[in-house]
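1. Have a look; sequence and predicted model below, questions after that.
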Amino acid sequence: MEKQTHAVGERVDKLCAPCDEERGHVVASVTVGGRISRVSCPKCGTLSTFKNSSRTSPRPAAQNLPPYDRTRAYQAGQTMTHTIYGAGEVTALAGPGKIDVLFPDRVRRLIHAQ
C-alpha cells in the first residue's frame, strides 16, 4: 500500500462540530512526513485537528451535481460541478458577483449572478 502525502491548501472531508455537518475542509498544516495535522473549515473558520477515519461518507458523485453557471446566483453551501476544477461547494459570498468555492485541490474565487 502506497503512503499518501498531503500539502497545505488541499481539500479533505471532515465533520465540522460547530457547523454540525460533514463538509470539505482546507488542509492548514501537515507533518514532516506529509500527514495532515490541522484543517480549517471554510464556512465557519474553525481550525481543528484531523484524524483520518474510514467512517466518513464519500462526497456525492460529480455527475449528480448541477453544472456551474456564471449567470446563476449561488449561496453558501450549494454544490456544483465545474468543467475544469470538478465538484465544488460554495463556502462564502466574496462580494458582489463573487463566490469562494472549495474544490478538491483548493478554494477558488468564481463569478456568479453575471
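-> Cool, the structure landed. Numbering: from 1, shown residues only.

2. what ranges of this protein fall below the confidence cut-off?
-> 1-3, 53-63 (pLDDT under 70).

3. Could you give the number of residues near Ala7?
-> Residues lying near Ala7 (other CB atoms under 10 Å) number 11. Any C-beta I mention is one placed from the backbone N, CA and C, and that applies to glycine too.

4. actually Tyr68, sorry about that
-> Applying other CB under 10 Å, I find that Tyr68 has 20 neighbouring residues.

5. quick one: it and Gly86 touch, right?
-> No - between Tyr68 and Gly86 there is no contact under CB atoms under 8 Å: 10.2 Å.

6. In its sheet, which strands sit next to the longest strand belonging to the chain, and in what direction?
-> Across the chain, the strand with the greatest residue count (assigned by DSSP state E) is strand 21-30. Here strand 21-30 is paired, per DSSP bridges, with strand 11-16 (antiparallel), strand 36-40 (antiparallel).

7. Any chance of CSV for the ones you listed, columns distance to Leu102?
-> Formatted as CSV, the strands paired with strand 21-30 follow (distance: least, CB to CB, whole Å):
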stretch, distance to Leu102
strand 11-16, 6
strand 36-40, 11
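
8. ok, back up a step: which positions in the longest strand of the chain come out as buried?
-> 23-27, 30 (16 or more other CB atoms under 10 Å).

9. For Val32, pull up the helix or strand it's in.
-> Assigned by DSSP states H and E, Val32 belongs to no helix or strand.

10. tally of neighbours for it?
-> Neighbour number of Val32 under other CB under 10 Å is 5.

11. where's it relative to Thr5, distance?
-> 10 Å (CB to CB, to the nearest Å).

12. of all the strands paired with strand 21-30, which lies closest to Ala73?
-> Nearest of the strands paired with strand 21-30 to Ala73, taken as CB to CB: strand 11-16 at 23.8 Å.

13. So what touches the closest one?
-> With contact meaning CB atoms under 8 Å, 6 or more residues apart in numbering, strand 11-16 is reached by 6, 21-27, 36, 39, 41, 43-44, 46, 48, 50, 56, 59, 102-106.

14. Brilliant, that's me finished.
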